[in-house]
Each structure stands twice: as structure tokens, then as C-alpha cells.
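Participant: need a structure here:
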Amino acid sequence: MVLAGCGSRKAGDSFARLAEEFVYTTLSLSPVSATGAGYHVHNGQQLDEMLDDLSAPALRAQREFYRGFRDRLKREVRVEELAGEDRADYDILNDQISLALLELEEIENYRHNPTLYVELVGKALFTPHVLEYGPKPDRVRHVIARLEKVPAFLEQARKNLSVAPQIWTTVAAEENEGNIGLVDKTLRSWAGEDHKVAYDRASGTALQALRGFQDYLKADLSKPSGSDWRLGPEHYARKFRWVLATDLQPGQVLANAEADLKTVRGRMLEISRKLNPAATGDENKIISEALGRISARHATPATYIPDARRDLEEARQFVRSKGLLPLPSRDNLQVIETPEFMRGIYAVGGFMSAPALEPQLGAFYWITPIPASWPGERAESKLREYNFYKLKLLTIHEAMPGHYVQLEYANNLEPKTRRVLRAVFGNTPYIEGWGQYSTQIMLDEGYLDHSPELRLTFQKEELRVLANAILDIRLQTMGMTDQQALDLMMQETFQEREEAVAKLRRAKLSSCQLPTYYVGWRDWIRVREHYRKEKGGAYRLAEFNERSLKAGAVPLPVLARLLTGKAL
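Facilitator: Next up, the predicted model:
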């Protein structure tokens, strides 16, 4: 047994220097990510004026860096001498090296996925606009400098991209339209008259390049190529291991999820019968009718985002009244519309934290609005899915006390290098699992007066979490068809068609992300019970929540060891 406080100070100091070098070097390799993390200057270079370099020499240098650093860790670090916190950082760092090399050497998304380039351009320009890390004139100049580099960046994208799955090209074209609007309208207006000449010059060439890239996406890259978006069993298993940092294999997670799906449906049937004792028919009919009545209470397209703001304040007051955990001292959360260039992957909403190195800056809860161009039936489908109750659950998960609270705690972690390491390379099951676990404790503590409608909606969400894991594993490794996926979501887990279609698209755009909700949620419960057993009569929920969040986004089995000195 290795207790959290044990270990060699000398070994820890040596590893801390290596970790610091790794964190800041990897951030410098992605200037776009560096801006988002609050890292602005590296070896005299102004990162906020740069775009990521995805040229062949730069990619080769990245591969050499990660291989070399892996060798240095083996030579210079005695893992058995590291104390608990350092060992946790070592595990995160080691997994990230393995993940980076898998991508650079084998998966090679830069050769096949045009959304990689489109989203990098969007983030590069949007982040200086929305994050007030410096005076506005400086940030405008940073945007202009990046705009000047867009033509060369997109030309490099054309050289790198050989073939692409049609779905990736379709989404890239949709998101690229968002980039064009961002440059031509939003940022032009924001830059103002003082920078008009410089902005017009830089944006003119950038827009020409963006429109040319749009033509390339639609005319050239969209041609049938036979390229498959599926990762395949071998690559999936390895990525799964390093993304989730779990000892479970994909097959085990799939079996557990499919068994839990039946259990949760049984609970839903019980609540549905209580809500309507006169209901008749089979299980699906009874549950569907109960959910149908619940979904009829929903916002309009005009009130959808204001309702989310209302729910945020309601959830904040409940957390305080119940003392679930101390809330962050900073009040820097804003509710805004999801940027257009991110709506392919964030069809519903998302969260963008304050930078780890500049935690005083803004954090953003994104809500994707209902487009005015949607026909009434499509808009109604989404509003029924994200009804009065579901919108509350979304707000809890993304903001209060979900991702916003978790990441604000993480942004207080010291020392700074550890904070940035666990923010930039944070364990996704910890992060997404907290979103689900924190929602559960809100309901368990009586949010909305123990509303059975809210509980049934949450159990429907639990089905969605289970479906996410099943979808990802079966789609990426077992040849699941689109129709089978839609049947799972619409028939077995009661999702509206609009939601199911959007989720299927998301499942084709990413891999090993959708199971993180399920694996993380279950592991948060496991860690809490492990902690409760160790504390005995001294156990307090608020203390567990607070201590767990103060650790930052470590793998959950590591969290158990940090909290108790014992493995799960």
C-alpha cells in the first residue's frame, strides 16, 4: 500500500521539472489550445498570434518530441519513489504520450478529418474575442495576426487531407459556414473602426481562403472515397484505455451497459404507473405515454435560452440551501449561444471553462439555439426532448453544480503546473462522470420537491448515458448500422428523432468520448462508497464532494487512492 503522503522529495522535484516542461511544450505545439489555457508566450513567441502547425516537418517534430519524452520518463523517473499526487500526474502524463503517439502514428486524423482544421480556425479566432485575457486592442491584433495565417493553414489542410468520410466532410462544410460568418460579421463588428483597415485587409484574404476551402469540401473532398469513420476494434481498444484510464475493456463496459439498460427501464415503468395508475399496454407504451405528457411542457424557441438562465439561478440557490458543497468564490459564468463553428459536435450545448492559467476570466455555458430556419416539426421535436425538466437537468450537468463548479475547483489547484496538467489533460470520465453524479445528488437531496416527473426524466437521461456507451462501442467496433442505432435510441431509450439523429452524427464524429459518461458516473459512485466505508461515522457528503473536486480531474481509481490511501 502506498499512502498519499509518502515518497521521495528528490524524486518529486525531478518529476515536477519534467512535468512542467511537458505541459508548456505541449501547449506551445498547439497555440490555439494555449490561448484557451491562458498560456500566451513561449520562448519569446506570442502564441496568441499563431495557428497550429500541421505541416509534415512539424508533425514529425511532434512525434519525435513524444517519443523522446517517453524515453526520458523511463530513464529519469523512478515511479516507485513518487508520492501520491506526483504518481497521479505521472499516470496522466504517460497516458497522454501514448494517446498522442497513437493519433500521430496510426489514426492520423489530420489526413482524414477536415473538421479538425475547421474547428481549429474557429477556436483560434473565437477565443481572443470572448476571453478578455488582455486589453481589447491587443486581442483584436491577435485575431488579425491569426487571420493573416488562415490561407496558408487551409492550404496545408488541403495537402494533408487525402480522403475523408462523407459525414466528416458534411459537418466540416456546415461548421466552415459558421467560420465565414464569424469573420465577416461578428469579428468585423467587434474589431471596430480603430482597426478597420487592418481587419479588412486580413479578413479579405482569410474569407477568400475560407470560401475556397468550402468549395474544396463540397466539390473535391465530398466525392465518395470509401473512407470509414469507424475506428476499428484494435485502435478503439487502445484509445479507450488511454482516454478512460480504466482497467475495464470495451466488451465489459458494453455488457454492463446493456444489463443496466434493462434495470433502469424497470424503474421507469414503476414511476410511470404511479404517475398514471390507469395506464394500460406494454412497457414501452406506458413509459412513452408518461414521457409524452412530461415533454409537452417546454419552452418556445424564443424562451429556450432565457429559461436556461432561470434554471441556473434556481440550481445555484438549491446547492447553497442544501450545503452540497461550498460554491466557488468567483462569479464568472455566462450563458451564451453555442458558437456556430462548434454546433456540429455541440448540437445541444456545452461548457467552456475559464483558462487554467487565468481562472479569473470568463467561463461559458453554451446553449445551441433553435434555428429560425427549422420547420415547426423539427423545432418541436427538439423542444420536447429538452423540455421543462430536461433543460433543468442539462443546466445542472453543464453548469451548477456540474462542469462549471468542478472546473472552477480545478482552477484553484496548486502548484500551477499540476493545475494546468490536470486541466489540459484531465480525465474525461472524472469530468463527465461528475456531471452525471452531481445531477443525481441534486435529485437525491430533493431538487424540485422530489418531482416524479423530474426523476423519470433523469432516468430517461440515464438510459441515454447507457445508449451512449452502447452506441460508441458497437458503432466503432462491431458494425452497428444507422437504423440499429436509431432503433436503440428511439425505441429502447425513448429519445426524440431530432435528438437521435444528432447523437448518431456525434457518434460518427468522435470516438471513446460517449462512454465516458457511463464509466465516469459509475466510478464516482464507487469512489464515494469506498470513501464512506473508510470514514465510517465521520462520513459527510459535502466533505467528500469538496475533497474530490479539489484534486482536479484525475482518473477516478487514482482519486480513490488519493482520498484514502487505498486502492478501490
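Participant: what about the closest residue to residue 39 other than its chain neighbours, which helix or strand?
Facilitator: Leaving out its chain neighbours, the residue that sits closest to residue 39 by C-beta to C-beta, 6 or more residues apart in numbering is residue 27, at 4.8 Å. To be clear about C-beta, it is placed using only N, CA and C from the backbone, and glycine gets the same treatment. Using DSSP states H and E, residue 27 falls within helix 9-29.
Participant: and that helix, how far out from the chain's middle?
Facilitator: Put simply, helix 9-29 sits 25 Å off its chain's centre (C-alpha atoms, centre = their mean, to the nearest Å).
Participant: Then stretch 308-327?
Facilitator: Relative to its chain's centre, stretch 308-327 lies at 22 Å (C-alpha atoms, centre = their mean).
Participant: Can you give the contact residues for it?
Facilitator: Here stretch 308-327 makes contact (C-beta atoms under 8 Å, 6 or more residues apart in numbering) with 333, 335, 349, 365, 367, 391-392, 394-396, 399-401, 405, 441-442, 445-447, 541-542, 545-546, 549.
Participant: What subset of those is buried?
Facilitator: Buried by 16 or more other C-beta atoms under 10 Å: 333, 335, 349, 365, 367, 391-392, 394-396, 399-401, 405, 441-442, 447, 541, 545, 549, out of the contacts of stretch 308-327.
Participant: residue contacts, residue 357?
Facilitator: By C-beta under 8 Å, 6+ apart, the contact set of residue 357 is 37, 38, 39, 416, 420.
Participant: so is it in a helix, a strand, or just coil?
Facilitator: Secondary structure state of residue 357, per DSSP: H, G, I helix; E, B strand; the rest coil, is coil.
Participant: Spatially nearest residue to it (excluding sequence neighbours)?
Facilitator: residue 38 (3.1 Å).
Participant: Am I right that the one you found is in contact with residue 355?
Facilitator: Yes - if you go by C-beta atoms under 8 Å, residue 38 and residue 355 touch, sitting 3.1 Å apart.
Participant: Now the common contact residues for the two.
Facilitator: 133, 361.
Participant: Between the two, tell me which one has more neighbours.
Facilitator: For residue 38 and residue 355, the more surrounded residue by other C-beta atoms under 10 Å is residue 355, and the numbers stand at 24 against 20.
Participant: related to what we said a few turns ago, near the residue nearest to residue 39, how many other residues are there?
Facilitator: Residues within reach of residue 27, counting by other C-beta under 10 Å, total 22.
Participant: I'd like to know how many residues surround the nearest residue to residue 186 once chain neighbours are set aside.
Facilitator: Closest residue to residue 186 apart from its sequence neighbours, by C-beta to C-beta, 6+ apart: residue 129 at 7.2 Å. Using other C-beta under 10 Å, residue 129 has 18 neighbouring residues.
Participant: Tell me where the chain is predicted with low confidence.
Facilitator: Scanning the chain with the threshold set as pLDDT under 70 gives 1-12, 344-345.
Participant: Which of the three states applies to residue 366?
Facilitator: Going by three-state DSSP: residue 366 is strand.
Participant: Ok, residue 401 next?
Facilitator: Residue 401 is classified as coil under three-state DSSP.
Participant: Please report the distance of it from residue 492.
Facilitator: 30 Å (C-beta to C-beta, to the nearest Å).
Participant: Are we agreed that residue 223 is in a strand?
Facilitator: No - using three-state DSSP, the secondary structure at residue 223 is coil, not a strand.
Participant: For it, give me its contacts.
Facilitator: Counted by C-beta under 8 Å, 6+ apart, residue 223 has zero contacts.
Participant: now the one 3 residues further on
Facilitator: Contacts for residue 226 (C-beta under 8 Å, 6+ apart) come out as residue 163.
Participant: what does residue 164 give?
Facilitator: 112, 113, 114, 172, 221, 225, 227.
Participant: Nearest residue to the second one in space, please, no chain neighbours.
Facilitator: Across the structure, with C-beta to C-beta, 6+ apart as the measure, the residue nearest residue 113 apart from its sequence neighbours is residue 168 (5.2 Å).
Participant: thought the one you found was touching residue 118?
Facilitator: No - taking C-beta under 8 Å as the definition, residue 168 is not a contact partner of residue 118, at 10.0 Å.
Participant: ok, those two, which is more surrounded?
Facilitator: Higher neighbour count among residue 168 and residue 118: residue 118, with 29 against 25, using other C-beta under 10 Å.
Participant: Mind listing what's buried along the helix or strand that that one is a member of?
Facilitator: Under the criterion of DSSP H and E, residue 118 resides in helix 114-130. Using 16+ other C-beta under 10 Å as the test for burial, helix 114-130 gives 114-129.
Participant: likewise stretch 211-231?
Facilitator: Using 16+ other C-beta under 10 Å as the test for burial, stretch 211-231 gives 213, 214, 216, 217, 221, 222, 227, 229, 230, 231.
Participant: residue ranges of the helices in the stretch 401-550 of the chain, please?
Facilitator: For the stretch 401-550 of the chain, applying DSSP state H, counting those that start in this stretch gives helices covering 403-410, 416-424, 428-444, 452-477, 482-487, 497-509, 516-535, 541-550.
Participant: Turn those helices into CSV, including distance to residue 561.
Facilitator: Shown next, in CSV, are these (distance: least, C-beta to C-beta, whole Å):
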stretch, distance to residue 561
helix 403-410, 18
helix 416-424, 15
helix 428-444, 13
helix 452-477, 25
helix 482-487, 37
helix 497-509, 33
helix 516-535, 10
helix 541-550, 12
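Participant: That concludes my questions; thank you for your assistance.
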